[in-house]
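Chemist: Sharing a model prediction with you, sequence too.
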Amino acid sequence: MMKKLTLHLLGETFTINKLPQFAEIPSILSQGDMCFMLRTDEELCIVCPDYMAPNNVQQELGWRCLKVDGEMKLQEVGVLASMTQPLAEANIPLFAISTFNTDYVFVMEEHLVNAVQALQKAGHEFVHKE
């Protein structure tokens, strides 16, 4: 049985950016708005609201963010799977990020309506927050 989640659609549209591994983090990202920075041995990946996106880098625009509402324990099983499985079955590509507190799933704007419908059909509930 899949875990039923409460989800929140964030209002911003996000850009997923790929920079060289040792690139400097753009100063605009220290403004306090929500962004994700992941550095690996191959790249620096930055996910941020469109208006904060760096220039002249490889990037994909137009992603919407579905946030799992509330904090979860790191030991919880099946949280991401309960979101990714219905989206995969609906043939919707996604980009997922997990933090200590919760999970975030990004879908392209053009797939947003179908994504929300697929997640609701799977039993997930959406809440509106300011």
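Modeler: All right, it came through fine. All values derive from a computational prediction rather than experimental measurement.
Chemist: shaky segments in the protein?
Modeler: Along the chain, the model assigns pLDDT under 70 to residues 1-2, 75, 129-130.
Chemist: the strands in it, which residues?
Modeler: 6-19, 36-39, 44-49, 58-68, 95-98, 103-108, 125-127 (DSSP state E).
Chemist: ok, now which ones touch Pro20?
Modeler: The contact partners of Pro20, by CB atoms under 8 Å, 6 or more residues apart in numbering, come to 43-44. C-beta: built from backbone N, CA, C; applies to glycine.
Chemist: Nearest to Met83 among the strands of the chain would be which one?
Modeler: strand 103-108 (5.2 Å; CB to CB).
Chemist: Just the C-alphas of the closest one, formatted as CSV.
Modeler: C-alpha atoms of strand 103-108 as CSV (Å, rounded to 0.1, in the frame of the first residue of the first chain):
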residue,chain,number,x,y,z
ASP,A,103,11.0,15.8,-0.3
TYR,A,104,10.5,18.0,-3.3
VAL,A,105,9.4,16.7,-6.7
PHE,A,106,9.7,19.0,-9.7
VAL,A,107,7.6,18.5,-12.9
MET,A,108,7.6,20.6,-16.0
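Chemist: Who are the packing partners of it?
Modeler: On a contact count with 3 or more CB pairs under 8 Å, 6 or more residues apart in numbering; DSSP states H and E, strand 103-108 meets strand 58-68, helix 79-89, strand 95-98.
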